[in-house]
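>>> no sequence for this one, just the structure:
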Ligand SMILES: Cc1cc2nc3c(=O)[nH]c(=O)nc-3n(C[C@H](O)[C@H](O)[C@H](O)COP(=O)(O)OP(=O)(O)OC[C@H]3O[C@@H](n4cnc5c(N)ncnc54)[C@H](O)[C@@H]3O)c2cc1C
């Protein structure tokens with residue numbers, strides 16, 4: 001797994017999946033500034049302007065400054081264009097229309113005459129928030145509600161509906177009513193308030209100061225939800241740690257074994273301890289962070305050093321990003337990755353900007369055509385999914401795109417960039433669902449953290465009970481609890497949270513007993529886990545110029561288009577002159593088989609081809625590192641992607657718990673934010689809350705006569721759903737998946753079965769079936785025939801509401817979420 005090149009005495013060899021290599025010594029000519037193209041996870045829409053209102057973290061100014069090398073000679077070159085980044089739309093239109101519908105919860109403080117009349121104009125509801133203490137008029141108030149809504153959206157909350165998590169947590173007694181609208185305002189207010197100062201612990205009493213007392217229940221509900229689900233008062237600020245440490249002494253809800261000390265495992269462990277669990281973390285490596293790894297690079301005399309992020313590096317969208325919150329808490333100013341990226345030809349000349357624009361626009365059109373195609377055939381696509389690569393190539397032929405060799409090379413560069421964002425070849429990506437996470441993408445700039453993401457990891461790992469070099473080999477679970485085997489030892493607990501990468505699950509290196517459900521194993525097979533590698537090189541000085549953060553390089557061989565196609569300059573944040581070259585797509589796989597020396601020499605050749613003609617010498621490197629994420633036994637790859645035949649639902653299936661004992665977190669369990677550091681972070685918080693819910697349900701028996709929660713994810717009764725069923729016949733009623741028109745999509749069936757002598761004695765049984773089966777049942781003559789068809793034709797098992805499978809629960813939540821949306 002580790003390739004070691006012959007090293008000079010001054011270089012270190014890095015454990016795990018990397019090779020550190022020496023520095024070839026030869027002098028050469030000097031450099032010039034380079035510029036930037038694209039960035040990962042951002043590939044098809046025009047760039048929007050930066051918005052400053054949505055909880056963005058402060059950015060540092062872009063100064064390049066480090067080790068000035070020899071002054072590069074001035075060289076006239078075509079100016080690199082400012083690049084457009086593909087980005088999702090932000091929902092500002094939706095917000096302003098919604099905010100005007102939302103009712104504001106005003107305080108009963110003594111308003112001045114002016115503010116009182118202003119308030120009256122706005123007062124179509126029964127309450128108001130306290131920020132009117134500062135005597136605001138209706139438009140100020142509405143603006144404030146808008147801004148708070150924007151912040152909530154940037155954190156991932158929908159505009160005017162509840163999330164599935166909020167529905168599960170029963171935050172309001174009735175879904176969809178005016179109370180829900182008020183709850184949303186209060187929730188947004190609390191969120192925004194904490195985000196305005198993340199260094200402090202926001203108390204419930206502080207919130208109550210700004211909300212009228214009669215809405216205490218709403219405040220309690222929203223505050224508890226946000227606190228327990230880790231949306232407020234999280235992180236590593238000392239004030240927050242102090243409160244969390246104190247409160248964790250008071251409770252003892254049970255014990256959880258967390259497998260893996262990557263971001264998801266660390267975050268979950270911290271939150272679980274705060275929630276009152278006893279926690280132990282078992283980590284296979286000798287360090288925390290998993291796929292986030294910052295390597296300190298230096299020469300033998302330590303005169304030049306640099307921090308290189310060999311795994312997760314860019315915060316892809318800073319608005320609402322929890323990692324931005326951590327950076328703020330540590331006082332680390334973020335560095336915006338500048339949006340300029342010049343491209344260089346194999347001969348080192350800069351690409352002509354007209355051709356560059358033309359091909360970029362053709363590339364975007366190709367993607368748009370694929371989008372249109374799949375919209376047209378969405379119904380059939382589940383059974384006939386093809387690869388994104390096949391679809392793009394077909395359209396390229398039909399529309400004669402990029403037929404000239406130069407244009408072809410440029411197009412290949414864009415395709416390589418897409419392969420980087422997805423960590424796999426386009427021929428592996430599902431045309432239908434490869435970008436299913438697009439609507440959720442975090443807005444705002446892409447940023448680096450100065451000194452590397454390892455700083456966040458170190459802070460998150462501090463004081464946690466982590467046992468290193470404990471590779472878990474087996475997990476046994478049953479109704480009494482779990483037993484985990486690692487490093488020749490047994491660990492017993494009430495529950496286990498498995499955060500190992502999808503690559504490790506695919507390899508089956510952890511033996512689960514009993515076996516994981518087939519549904520989960522199928523999803524593990526279907527989802528893809530791809531590869532991205534890096535070559536990090538520390539130079540004695542910055543010869544490429546610090547005014548840019550990225551530049552690209554074109555390759556003639558299409559099969560090697562991802563080889564060193566993009567360079568990141570980390571001068572502004574690494575503490576030294578550091579360049580990182582990316583290897584994506586097919587090249588990333590081949591890269592792992594070549595020697596590190598060979599790879600570094602190839603990178604140097606590329607740099608020389610770009611800079612030597614400008615009269616800039618490329619100096620000998622001080623240290624170089626090549627990653628080998630595919631051979632790393634604790635990841636077997638870089639990050640997840642939606643493979644042909646898979647869909648976003650597979651992320652949800654990966655997140656499903658098993659027998660209320662085995663839980664799963666990690667980037668590949670996060671449908672909204674897969675393949676990212678913040679996705680891993682949020683999945684850890686999600687599972688901590690999930691474990692708490694399950695534990696509470698186990699510990700607190702229902703009071704006599706109390707209405708028992710009806711699904712094992714403690715959602716409310718499903719009765720309201722069946723008040724207006726989609727189909728009703730005989731003793732059958734059916735509700736269908738509102739988000740799908742597919743006849744094979746899920747439908748929930750309810751059958752009323754007599755349980756006594758009287759007509760009013762009956763119980764309800766439930767079963768999951770396909771929509772087309774429901775229609776078939778409806779067409780049958782009578783209930784006897786229907787029951788026969790159910791049992792023998794469809795083989796549907798009818799169960800009590802508390803025994804419904806996860807798919808049925810998920811359907812119930814989806815229907816409730818849609819019904820909670822105001823018309
Ligand atoms: C090269 C590369 C570049 C990336 N670039 C970006 C980027 O720019 N921006 C971004 O947002 N994301 C990026 N990512 C993705 C991001 O790093 C991950 O999504 C995130 O770090 C995953 O965190 P996790 O907790 O889910 O998994 P991990 O960090 O992998 O944590 C899982 C932990 O489980 C441990 N483990 C595995 N098997 C066992 C076992 N059997 N027993 C005990 N412990 C075990 C591992 O050692 C690891 O510590 C990149 C990833 C890579 C590899």
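That came through, no problem. What you are looking at is a predicted structure, and each value in this text was computed from that prediction instead of being measured.
>>> OK, contacts around residue 266?
281, 288, 457, 460-461, 464, 684 (Cβ atoms under 8 Å, 6 or more residues apart in numbering). Where you see a C-beta, it was placed from the backbone N, CA and C, and this is true even at glycine.
>>> kindly recompute the last result at 7 Å.
Neighbour list for residue 266: 288, 460-461, 464 [criterion: Cβ atoms under 7 Å, 6 or more residues apart in numbering].
>>> swap in residue 180?
Counting by Cβ under 7 Å, 6+ apart, residue 180 makes contact with 162, 172, 820.
>>> helix, strand, or coil at it?
helix (DSSP: H, G, I helix; E, B strand; the rest coil).
>>> can you point out the helix or strand that includes residue 796?
No secondary structure element spans residue 796, as it lies outside all helices and strands (assigned by DSSP states H and E).
>>> oh sorry, the question was meant for residue 139
Of the helices and strands defined by DSSP H and E, residue 139 is found in helix 138-155.
>>> before we move on, what about residue 512?
Residue 512 is part of strand 511-513 when elements are defined by DSSP H and E.
>>> where does this protein dip in pLDDT?
For the chain, the stretches with pLDDT under 70 are 1-138, 247-251, 378-383, 700-716, 754-762, 803, 821-823.
>>> list the buried residues of stretch 139-153.
Along stretch 139-153, these residues count as buried under the neighbour rule (16 or more other Cβ atoms under 10 Å): 141-142, 144-153.
>>> let me redo that: stretch 516-526
Taking 16+ other Cβ under 10 Å as the criterion, stretch 516-526 shows 516-517, 520-521, 523-524, 526 as buried.
>>> check those residues against the ligand, which are close?
When Cβ under 6 Å from any ligand atom is applied, no member of these is adjacent to the ligand.
>>> so which of these are in strands?
Members of the buried residues of stretch 516-526 lying in strands (criterion: DSSP state E): none.
>>> between the buried residues of stretch 139-153, which sits nearest the ligand?
When these are compared for distance to the ligand (Cβ to the nearest ligand atom), residue 153 wins out at 19.7 Å.
>>> the closest one against residue 159, yeah?
Yes. Under the contact definition of Cβ atoms under 7 Å, residue 153 touches residue 159, with a separation of 6.4 Å.
>>> circling back: which one of the contacts of residue 180 is nearest the ligand?
Checking the contacts of residue 180 against the ligand by Cβ to the nearest ligand atom gives residue 162 as the nearest, at 26.5 Å.
>>> for the closest one, give me its contacts.
Residue 162 sits in contact with 171, 175, 180, 817, 820, where contact means Cβ under 7 Å, 6+ apart.
>>> who in the stretch 651-800 of the chain is up against the ligand?
Within the stretch 651-800 of the chain, the positions adjacent to the ligand are 666-667, 675-677, 680 by Cβ under 6 Å from any ligand atom.
>>> if we take the residues you listed, which one ends up nearest to residue 367?
Within these, the smallest distance to residue 367 is 18.4 Å, found for residue 675 (Cβ to Cβ).
>>> give the burial count for that closest one, as a bare number.
Counted with other Cβ atoms under 10 Å, the neighbours of residue 675 add up to 26.
>>> for the residue nearest to it when sequence neighbours are not counted, give its distance to residue 784.
With Cβ to Cβ, 6 or more residues apart in numbering as the criterion, residue 675 has its nearest non-adjacent residue at 3.9 Å, and that residue is residue 639. Distance of residue 639 to residue 784, computed by Cβ to Cβ, to the nearest Å: 53 Å.
>>> one more: residue 256?
As for residue 256, its distance to residue 784 is 49 Å (criterion: Cβ to Cβ).
>>> those two: which has the busier surroundings?
With other Cβ under 10 Å as the criterion, residue 256 and residue 784 differ in neighbour count, and residue 256 comes out ahead with 27 against 10.
>>> quick one: contacts for that one?
Shown here is residue 256, whose contacts under the criterion Cβ under 7 Å, 6+ apart are 272, 277, 279, 493-497, 691.
>>> kindly report the same for residue 786.
Counting by Cβ under 7 Å, 6+ apart, residue 786 makes contact with 730, 732, 777, 780.
>>> with residue 236 instead?
For residue 236, the contacting residues are 326, 329-330, 459-460, taking Cβ under 7 Å, 6+ apart as the criterion.
>>> any idea how far residue 717 is from residue 173?
Distance from residue 717 to residue 173, by Cβ to Cβ: 12 Å.
>>> how about residue 472?
Using Cβ to Cβ, residue 472 is found at 42 Å from residue 173.
>>> and the stretch 201-350 of the chain, which residues reach the ligand?
The stretch 201-350 of the chain has residues 259-265, 282-285, 290-292, 311-314, 316 near the ligand, with proximity defined as Cβ under 6 Å from any ligand atom.
>>> off-centre distance for whichever strand or helix holds residue 566?
Using DSSP H and E, the secondary-structure element containing residue 566 is strand 563-569. Mean-position distance between strand 563-569 and its chain equals 24 Å (Cα atoms, centre = their mean, to the nearest Å).
>>> partner strands of it, parallel or antiparallel?
Partners of strand 563-569 in the sheet, by DSSP bridges, are strand 550-553 (antiparallel), strand 578-583 (antiparallel).
>>> can you list contacts of it?
By Cβ under 7 Å, 6+ apart, the residues outside strand 563-569 that reach it are 413, 416-417, 420, 544, 546, 548-553, 555, 579-584, 587, 602-603, 606.
>>> ranges for the helices of the stretch 651-800 of the chain?
Counting by DSSP state H, counting those that start in this stretch, the stretch 651-800 of the chain has helices at residues 677-699, 719-723, 771-778, 783-788.
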